[in-house]
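Trainee: Predicted model and sequence follow; I will ask about them next.
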Amino acid sequence: MIFITVGSREYQFDRLLKKIDKIFIDNKINIECFAQIGNSAYIPQNYEYKRFLNSIEFETFQNKATLIISHGGTGSLMTAIKKGKKVIGVPRNSAFKEHVDNHQFQIIETLTKQGFIVSDTSSDLNQLENFILNKDKIRTKPYNSINKIHQIILDFLNDNKYNQ
């Protein structure tokens, strides 16, 4: 199952929802897909949707999904990563009035460089189709909070101002 989440802020993300509809039509994809569409004006034609989900519904869809397509909200991205899901990050773009600025590019580019997600940051979302059609080939690094804590402790101990 593919789960799409665009967040619950006041901004639309029609560009993403339309692109996924087009991918489904062009490729005759027959995969269960559900989207949380928020305040988007576009209504999906080829997959189920709901504007907003409560926390239990959201977690249920994340747990059920084998692939999550997410806007650049840190909550959505980090929850999916921590659950070990394959994630395609698609940042909102202020040029399309999807947000007030482009901070989601920084979040998604950082998580992509670290190997936790794959992403499509292009304005026409031209990589999204390939990711969806080849979702079983997506390889990402698992998130391990223990390693992060371990690294913070090592950095602390190795910092010269604390060595006596």
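Mentor: Thanks, I have the structure now.
Trainee: Residue ranges in the chain under the pLDDT threshold?
Mentor: Within the chain, the stretches with pLDDT under 70 are 145-164.
Trainee: Would you map the strands across it?
Mentor: Remark: strands assigned in the chain by DSSP state E are 2-5, 33-36, 48-50, 67-70, 86-89, 118-119.
Trainee: Redo those as a markdown table? Include mean neighbour count.
Mentor: Using the backbone N, CA and C atoms, a C-beta is placed for each residue, glycine as well. Compiled in a markdown table, the strands of the chain are given as follows (neighbours: other Cβ atoms under 10 Å):
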| stretch | mean neighbour count |
| --- | --- |
| strand 2-5 | 25 |
| strand 33-36 | 22 |
| strand 48-50 | 13 |
| strand 67-70 | 25 |
| strand 86-89 | 25 |
| strand 118-119 | 22 |
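Trainee: Which among those strands is found nearest to residue 59?
Mentor: Smallest distance to residue 59 across the strands of the chain (Cβ to Cβ): 10.7 Å, for strand 2-5.
Trainee: what's that closest one in contact with?
Mentor: 16-17, 20, 31-37, 47, 58, 61-62, 64-71, 73, 76, 132, 135 (Cβ atoms under 8 Å, 6 or more residues apart in numbering).
Trainee: tell me the contacts of the closest residue to residue 16 other than its chain neighbours?
Mentor: Distances taken as Cβ to Cβ, 6 or more residues apart in numbering place residue 90 nearest to residue 16, at 5.4 Å, with adjacent residues excluded. Residue 90 makes contact with 16, 69-72, 108, 119-121, 125, 128 under the criterion Cβ under 8 Å, 6+ apart.
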